[in-house]
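**Student:** my questions are about this predicted structure, shown below with the sequence.
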Amino acid sequence: MYGLINEAIQGLVTENFGEEAWIKICAQAGLDHTEFLSMQQYPDSETYDLVGAASSVLGMSPELILETFGRYWVQYVGSQAYGELMDAAGTSLGEFLENLDHMHSRVMISYPSLRPPSFRVQSNTAHEIILHYSSERPGLCPLVVGLLYGLADRFETRIEVDSLDGTAEGVTGVFKITLLNFDEEQS
Ligand code: HEM
């Protein structure tokens, strides 16, 4: 994956746990470097190893690390050079999710070797969205859950995410997103 991802993991760790924790995590992951270049590609195994090492150094499950990172990622790209790209993808959670593949295609202008996941909105009503995720990478469904909560924060929408289905290797997943504001608006 592009270094942009590993750089964001570094941001999450150093902002919340300090520089020393990050150095420990890189050592535990068996890396001989602690910095990444956003535009350079690194083996996916480095990212998985960083998540595994963060889990043992910080005493959090890998799933929780991925979910926390998903929430952080939305703020990270939303407040950086990619804010406009995010803004252009929609003004509501449903609209944004409908446009997500298109948004990643636009990201490919800067990152031509990107291998993005794919998302399909099966249904989108005022109170529920059914979202299908597919990737060539295993085990990232908890990341998607965190991303969805991060996007909900961005659109000031309260949601609950349930995983409905998925393959054991986690390369596909189906998520039910319940929009909680809907009930408030009705009452
Ligand atoms: C403009 C903002 C964004 C940028 C610049 C961006 C960029 C990237 C990059 C560089 C990767 C690594 C893939 C690779 O290097 O081959 C990636 C992966 C991924 N992105 Fe995005 N992304 C953005 C927004 C989002 C959002 C809002 C979501 C919300 C669902 C998302 C979902 C994912 C997921 C789940 C992956 C993991 C890879 C996989 O599942 O195979 N991205 N993205």
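**Tutor:** Alright, I've got the coordinates. Residues are numbered from 1 along each chain as shown.

**Student:** how near is the residue nearest the centre of the chain to Tyr76?
**Tutor:** Against the mean C-alpha coordinate of the chain, by C-alpha atoms, centre = their mean, the closest residue is Gly70 at 3.4 Å. Using C-beta to C-beta, to the nearest Å, Gly70 is found at 10 Å from Tyr76. Where C-beta positions appear, they are placed from N, C-alpha and C, glycine not excepted.

**Student:** equivalent analysis for Ala29, please.
**Tutor:** 20 Å.

**Student:** tell me, how many residues neighbour Asp153?
**Tutor:** Here the number of neighbours of Asp153 (other C-beta atoms under 10 Å) works out to 15.

**Student:** what does Leu148 give?
**Tutor:** Using other C-beta under 10 Å, Leu148 has 24 neighbouring residues.

**Student:** just give the nearest non-adjacent residue to it, would you?
**Tutor:** Sequence neighbours aside, Val161 is the residue nearest to Leu148 in space, at 5.2 Å (criterion: C-beta to C-beta, 6 or more residues apart in numbering).

**Student:** same check on Pro62?
**Tutor:** Closest to Pro62 by C-beta to C-beta, 6+ apart is Ser55, at 4.5 Å.

**Student:** what does the helix ranked longest in the chain contact?
**Tutor:** Ordering each helix of the chain by length in residues (DSSP state H) puts helix 62-79 first. Residues outside helix 62-79 that contact it (C-beta atoms under 8 Å, 6 or more residues apart in numbering): 8-9, 11-12, 51-52, 54-55, 58, 60, 83, 86, 140, 142-151, 153-154.
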